[in-house]
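> coordinates for the following, if possible.
(one chain, ligands or ions: 1)
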Amino acid sequence: MTTNTGHAGSDYLIVIGGSSSNVLASKVARELGSEAGRLEIRRFPDGEKYMRVLEEVKDENVVVIQSIHHTPDELLFEYLLLVDTLKDLGARKVVSFIPYFAYARQDERFHPGEALSFKTVTKLMEGVGTDEIYTIDMHQHRVLKSSEVFKIPSHNLSAMPLLADYVRKAGKLQNPLVIGPDAEAEQWAKIAAERLESDYDVFEKKRLGDERVEVRPRKASAKGRDVLIVDDIISTGGTIVEALRIILSQGARRVEVACTHPILASGALAKIQEAGARNVIGTDTVPSPISYVSVAPLIADEIRKCRL
Ligand code: R5P
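As a prediction, this is how the structure comes out:
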């Protein structure tokens, strides 16, 4: 299926979602007034993956959408097969949207001999011929810009305006305060605070293990206020639970939680709800029971803007 986006360079493009993002790809195609491209993916009896592109892609621009989460190695390999196949079939340009980008947190050799997984993944993506890459709220802690790792054009979008708008529309927060649970979350706290016309603060976080963190408040007090905690990822929920504990002990009136990527490993959602969060919301970069906000309009807008 082709999507007429009225671009300057080429009139048509094909939006294709891998198996982790086929629903999202359909939503994006719908936003652009069309249907997602078809793909056949199955397994051979020995466990190997079979893939077939069911669209004519020769000389076409193709947008690939594939989140890499939960089974990252499998979904990454699927992505590599897909892009390599598209290029081999003569696609003119392949622009990829990786809404959740696994391995971005292993961007440094923390202990001698460790794999620099982030770098390896980017090399593989470039190696199969990805022409341009878009991520959404990619974990950028030590690496501050994706262009520090990618040699191809790369862009990091943010879902935080969509999340903040959802919270704003869902119910009026009284005397709102936005909190980022660590220094890195300041970028998202700032955006959400602007949308909610509130102030914001960030906590100081020390990671004690894969699931354990220590969080300390800084200036702002949550006493009597409606608080929105924002973060990029909820994985085990350890970070949010710690932040909630402090905010509630300060006497917050109610606490809402928003994240871009609801990975929700290790019973994270139940832990956060038990810790006292009133609502927990996320986007569909990672399909989950709290993916109330779709990033489809964000991706579709970007596709409209980019000149393929
Ligand atoms: C880390 O810096 C990230 O921004 C998140 O705060 C972190 O990934 C959340 O992980 P968890 O839910 O396991 O505490």
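> can you show me the strands along the stretch 51-200 of the chain?
Per DSSP state E, counting those that start in this stretch, the stretch 51-200 of the chain carries strands over the ranges 61-65, 93-98, 132-136, 154-157, 176-180, 199-202.
> so what's the residue nearest to residue 89 when sequence neighbours are not counted up against?
What sits nearest to residue 89 in space, not counting adjacent residues and going by Cβ to Cβ, 6 or more residues apart in numbering, is residue 57, at 5.1 Å. Any C-beta I mention is one placed from the backbone N, CA and C, and that applies to glycine too. By Cβ atoms under 8 Å, 6 or more residues apart in numbering, the contact set of residue 57 is 14, 37, 86, 89, 90, 91.
> are any of the residues you listed buried, and if so which?
The neighbour count (16 or more other Cβ atoms under 10 Å) marks 14, 37, 86, 91 as buried among the contacts of residue 57.
> the chain against the ligand: which residues are in contact?
141, 181-182, 184, 213, 231-239 (Cβ under 6 Å from any ligand atom).
> show me which of these are buried.
Going by neighbour count (16+ other Cβ under 10 Å), those have 181-182, 184, 213, 231-239 buried.
> pipe those into CSV and attach distance to residue 225 and secondary structure per row.
Shown next, in CSV, are these (distance: Cβ to Cβ, whole Å; DSSP: H, G, I helix; E, B strand; the rest coil):
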residue, distance to residue 225, secondary structure
181, 16, coil
182, 20, coil
184, 23, helix
213, 23, strand
231, 18, strand
232, 23, strand
233, 25, strand
234, 22, strand
235, 27, coil
236, 27, coil
237, 22, coil
238, 24, helix
239, 20, helix
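> quick one on the thing from earlier: okay if I get the strands of the stretch 51-200 of the chain as a markdown table plus distance to residue 222 and mean neighbour count?
Below are those laid out as a markdown table (distance: least, Cβ to Cβ, whole Å; neighbours: other Cβ atoms under 10 Å):
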| stretch | distance to residue 222 | mean neighbour count |
| --- | --- | --- |
| strand 61-65 | 37 | 27 |
| strand 93-98 | 35 | 24 |
| strand 132-136 | 28 | 22 |
| strand 154-157 | 29 | 19 |
| strand 176-180 | 6 | 26 |
| strand 199-202 | 9 | 20 |
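> so what angle separates the directions of the helix or strand containing residue 28 and strand 93-98?
Remark: residue 28 resides in helix 22-31, with elements defined by DSSP states H and E. In terms of direction (axes from the mean of the first three to the mean of the last three Cα atoms, to 10 degrees), helix 22-31 departs from strand 93-98 by 120 degrees.
> list the buried residues for helix 22-31?
By neighbour count on 16+ other Cβ under 10 Å, the buried set for helix 22-31 is 22, 23, 24, 25, 26, 27, 28, 29, 31.
> excluding sequence neighbours, find me the nearest residue to the fourth one.
What it means is residue 25. residue 17 (2.5 Å).
> just put the buried ones among the residues of the chain next to the ligand in a markdown table and tack on pLDDT and distance to residue 195.
A markdown table is the format used below for those (pLDDT from 0 to 100; distance: Cβ to Cβ, whole Å):
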| residue | pLDDT | distance to residue 195 |
| --- | --- | --- |
| 181 | 94 | 18 |
| 182 | 92 | 20 |
| 184 | 90 | 19 |
| 213 | 76 | 26 |
| 231 | 97 | 16 |
| 232 | 96 | 16 |
| 233 | 96 | 20 |
| 234 | 97 | 20 |
| 235 | 95 | 25 |
| 236 | 95 | 28 |
| 237 | 96 | 24 |
| 238 | 94 | 27 |
| 239 | 94 | 22 |
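> of those, closest to residue 196?
Residue 196 lies nearest to residue 231 out of these, by Cβ to Cβ, at 15.8 Å.
> pretty sure the closest one sits against residue 181.
Yes - the pair residue 231 and residue 181 passes the contact test of Cβ atoms under 8 Å, sitting 5.7 Å apart.
> shared neighbours, those two?
Contacts common to residue 231 and residue 181, judged by Cβ under 8 Å, 6+ apart, are 239, 240.
> what's the angle from the longest helix belonging to the chain to strand 93-98?
Assignment by DSSP state H gives helix 72-88 as the longest helix of the chain. If you take the same axes, to 10 degrees, helix 72-88 sits at 170 degrees to strand 93-98.
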